[in-house]
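Undergrad: just need the structure, nothing else, for what follows:
(chains A, B and C)
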Amino acid sequence: MGRAPCCEKVGLHRGPWDSKEDALLIKYIRSHGEGNWKDLPKQAGLLRCGKSCRLRWMNYLRPDKKRGNITPEEEDLIIRLHSLLGNRWSLIARRLPNRTDNEIKNYWNSHLSKKTGSKVKTMSKPLSTSSRKNNNNNNKKIQKYMKKIENEHEHAKETKIHSPKPVRITSFRWEESSPDQSIGENCVSDSLKDSSSDGHNSSDFRDLNVLVHDLVDHDLVNRLIVENPFEANMLHKLYEEYSSLLFCEENQSPIDHFTDTWFP
DNA sequence: AACTACACCAACCGCGGGGGG
DNA sequence: GCCCCCCGCGGTTGGTGTAGT
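TA: Modelled structure (predicted):
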């Protein structure tokens, strides 16, 4: 059994919005503000579910929404942020003023995933019945189709993983004063957890992969002590790049977040 | 001109987290 | 502590336009 639908679907409009619906939604939000999406459709006189209203507003109608082509600067930022954050579109979108996560995700999938060579799991739709009928009389097309299927099969095996690349750290420890080591544990990759955690306490040097964004998100950068200077330097560089991307608009110096504790 | 394949993007779906009762 | 509801997120689908054959 699947999860119950988010709203009662009977009698509700679906698919593309028309101008009347847009006008109703804009008018309501202008006078009442955003939020309370569940009740909004009823109050605004819309035959849509709240989720659909929220999506329409957030991705299309919001007045601060920037429309039009992604600039080369924005593209560059998306690529760099994606390499650090992976498919965390909402996080990436927060760093691109007035762009939505949906817009960035679409742009990535249609433009950048090819450009950057990232593997994307996109199984194309099977041919329609009429298409298949036509193909029966066309060996060339059949061959082409079969080749395509084969390619997709190979592609599917590779599958997507847009996770950010972790930094390999062969020896580290958490600072003694770390208040919640369990949070830090979540910053290491599962594959290395098992082999590295046996019989060690928080002050031992261990082998792990570090996800820089998790360190920043959980404010753990000052609590990680890396033994190998080369690795510490590598982590430092990646952290600098990450910080410069994330904190630039908040006028924070990335270096303020980085201390000598990475160089014991 | 007709058909097909591909690209783009708005919209939908289902899951998970967080907050309130 | 548990349950329920709402919201936000990421993945996916489907409609439309356009390029290629």
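
Undergrad: any idea how far A:K51 is from A:W108?
TA: Separation of A:K51 from A:W108 (C-beta to C-beta, to the nearest Å): 23 Å. The C-beta positions use only the backbone N, C-alpha and C, and glycine is treated the same way.

Undergrad: neighbour count winner among those two?
TA: Set A:K51 next to A:W108 and count neighbours by other C-beta atoms under 10 Å: A:W108 wins out with 24 against 14.

Undergrad: show me what contacts the more buried one?
TA: Neighbouring residues of A:W108 by C-beta atoms under 8 Å, 6 or more residues apart in numbering: A:78, A:82, A:89.

Undergrad: the first one contacts A:I104, correct?
TA: Yes. A:I78 is within contact range of A:I104, at 6.0 Å (criterion: C-beta atoms under 8 Å).

Undergrad: for A:L91, give its distance to A:I78.
TA: For A:L91, the distance to A:I78 (C-beta to C-beta) stands at 12 Å.

Undergrad: lowest-scoring secondary structure element of chain A by mean pLDDT?
TA: helix A:129-135 (a mean of 30; mean pLDDT, DSSP states H and E).

Undergrad: now for A:W89, how many residues are close by?
TA: Residues lying near A:W89 (other C-beta under 10 Å) number 21.

Undergrad: shouldn't it be in contact with A:D101?
TA: Yes. In this structure, A:W89 is within contact of A:D101 by C-beta under 8 Å, at 3.8 Å.

Undergrad: hang on, A:I225 in a strand?
TA: Yes. Looking at A:I225 with DSSP: H, G, I helix; E, B strand; the rest coil, it is inside a strand.

Undergrad: against DNA strand C, how distant is it?
TA: Separation of A:I225 from DNA strand C (C-beta to the nearest atom of the strand, to the nearest Å): 30 Å.

Undergrad: so what's that residue bridging to?
TA: Beta-bridge pairing of A:I225 under DSSP bridges involves A:R173.

Undergrad: how many residues are close by it?
TA: Residues lying near A:I225 (other C-beta under 10 Å) number 20.

Undergrad: could you do A:V226 as well?
TA: Neighbour count of A:V226, defined by other C-beta under 10 Å: 24.

Undergrad: model confidence for it, exactly?
TA: Looking at A:V226, its pLDDT stands at 73.

Undergrad: ok, now A:P229?
TA: Value for A:P229, per-residue pLDDT: 74.

Undergrad: sketch out the low-pLDDT regions of chain A for me.
TA: Under the criterion pLDDT under 70, the flagged ranges of chain A are A:1-11, A:114-223, A:231, A:234-235, A:237-264.

Undergrad: need the contact list for A:K65.
TA: Shown here is A:K65, whose contacts under the criterion C-beta under 8 Å, 6+ apart are A:59, A:98, A:100.

Undergrad: again, only using 7 Å
TA: Counting by C-beta atoms under 7 Å, 6 or more residues apart in numbering, A:K65 touches A:98, A:100.

Undergrad: how close does it get to DNA strand B?
TA: Applying C-beta to the nearest atom of the strand, the value for A:K65 to DNA strand B is 10 Å.

Undergrad: and the closest residue to DNA strand C within the stretch 101-250 of chain A, how many neighbours?
TA: For the stretch 101-250 of chain A and DNA strand C, the shortest gap (C-beta to the nearest atom of the strand) falls at A:D101, measuring 4.6 Å. Close neighbours of A:D101, defined as other C-beta under 10 Å, add up to 18.

Undergrad: residues contacting it?
TA: Counting by C-beta under 7 Å, 6+ apart, A:D101 touches A:89-90, A:93.

Undergrad: ok, it to A:M58 distance?
TA: Per C-beta to C-beta, A:D101 is found 9 Å from A:M58.

Undergrad: do A:N228 as well
TA: 45 Å.

Undergrad: before we move on, what about A:I92?
TA: Here A:I92 is placed at a distance of 15 Å from A:M58 (C-beta to C-beta).

Undergrad: between these two, which is the more surrounded one?
TA: Between A:I92 and A:M58, counting by other C-beta under 10 Å, A:I92 is the more crowded of the two (23 against 15).

Undergrad: name the nearest residue to that one, sequence neighbours excluded.
TA: In space, and not counting its chain neighbours, A:I92 is closest to A:L81: 4.6 Å by C-beta to C-beta, 6 or more residues apart in numbering.
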